[in-house]
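coords please:
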Amino acid sequence: MNRTDLSQIKGVCFDIDDTFSTEGKITASAFQSLWDLRNAGFALIPVTGRPAGWCDHIARFWPVDAVVGENGAFTFFMNEHKLQHFDTQDEASVQTSKAKLQVLRQVILASFPNAHFASDQSYREFDLAIDFCEDVAPWPESEIDRLVKLCEAQGAIAKISSIHVNTWFGRYTKIEGIRAFLKHAKELKLSLPSFDELIFIGDSPNDEPMFEAFDASVGVANLKPFLPRLQHPPKYLTTGKAGEGFSELARFLQTKSS
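Residues are numbered from 1 along each chain as shown. So this is what the prediction gives:
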């Protein structure tokens, strides 16, 4: 990565699982990197497939400016010391999507009777997360692909993370989520960078729309096994995996800004 490529970067968008976390934990060095970036003046916006319940906590207690959750469905952020919630879809679309999810849930269980929904499913508002390796024995790749095709045949979007298949109804992805929030933030006169002033770092195929959309996009080293799946890979890869890769980028950005 050439430091001149980063001359306009004022903020970091980042995935959480296996990008910021490492083997299910957030290391001390990775979390310290958030504070280091914040103290250096960078805006911080996690963009994750994790649920609303997690995002409430993240927005309140992490040193971040906002968090886009459930693969772009909504954004939680603090404004004047109060938590605010912004939905990417309008209310009618939200209600239609939730009704369709209940039907899809039964279709999945009929075809995959041994499937387990993620342990955080009860905290989700807009998607279903089917666990294929976080708290269950790893699924064969062929079964993961079969699940994705089943969801898509029902008219849903399905994306593969490093641990779940996330599926939902609605014309949004992580990239639409962050774009919609930045527009909303501008209307609220929040002090945040524009889209072209952000860099994104992720680790899995469901980050592909972000890799494609951002001029500066980075994958942590553990993305390598997924690269054959991607038509739009990140422009750069870190040498470190997961949280160490995130810390590597953080150090690089701070060197650039000093």
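
Do you have the strands of this structure handy? List them.
Remark: strands assigned in the chain by DSSP state E are 11-14, 43-46, 67-69, 74-79, 82-87, 116-117, 128-131, 157-160, 164-168, 198-202, 216-219, 236-237.

Of those strands, which is nearest Glu176?
strand 67-69 (9.7 Å; Cβ to Cβ). In short, each C-beta sits where N, CA and C put it, glycine included.

Report the contact partners of Ile37.
Careful, residue 37 is Leu and not Ile. Applying Cβ atoms under 8 Å, 6 or more residues apart in numbering, we find Leu37 in contact with Val12, Leu44, Ala250, Leu253, Gln254.

Next one: the fourth one from Trp62, what distance?
To tie it back to what came earlier, the one meant is Leu253. Applying Cβ to Cβ, to the nearest Å, the value for Leu253 to Trp62 is 18 Å.

more neighbours, those two?
Neighbour totals were compared for Leu253 and Trp62, and Leu253 leads with 24 against 18 (other Cβ atoms under 10 Å).

close enough to count as contact, Lys235 and Ser217?
Yes - look at Lys235 against Ser217 with Cβ atoms under 8 Å: they come within range, at 5.1 Å.

Low-confidence ranges, the chain, go.
For the chain, residues meeting the criterion pLDDT under 70 lie at 256-258.

mind listing the helices in the stretch 51-200 of the chain by residue range?
With DSSP state H, counting those that start in this stretch as the criterion, the stretch 51-200 of the chain has helices at 52-61, 91-111, 141-153, 174-187.

which of the ones you listed is buried the deepest?
helix 174-187 (a mean of 19; mean count of other Cβ atoms under 10 Å).

and that one, how far out from the chain's middle?
Its chain's average C-alpha position is 14 Å from that of helix 174-187, according to Cα atoms, centre = their mean, to the nearest Å.

just stretch 157-171 next, same as before
11 Å.

before we move on, what about stretch 170-179?
11 Å.

Name the surrounding residues that touch it.
For stretch 170-179, using Cβ under 8 Å, 6+ apart, the contacting residues are 13, 45, 47, 68, 71-75, 88-89, 93, 97, 126, 157, 159, 180, 195, 198, 206-207, 209-210, 212-213.

and if you look at stretch 158-165?
Here stretch 158-165 has contacts from 17-18, 49, 71, 118, 129-134, 144, 147-148, 151-152, 166-167, 173, 203-206, 222, 229, using Cβ under 8 Å, 6+ apart.

Can you give me the neighbour number for the closest residue to Leu182 other than its chain neighbours?
Nearest residue to Leu182, sequence neighbours excluded (Cβ to Cβ, 6 or more residues apart in numbering): Phe195, at 5.8 Å. Residues lying near Phe195 (other Cβ under 10 Å) number 16.

Domain-wise, how is this structure divided?
Following automatic domain parsing, one gets these domains for the chain: 3-88+172-257, 91-168.
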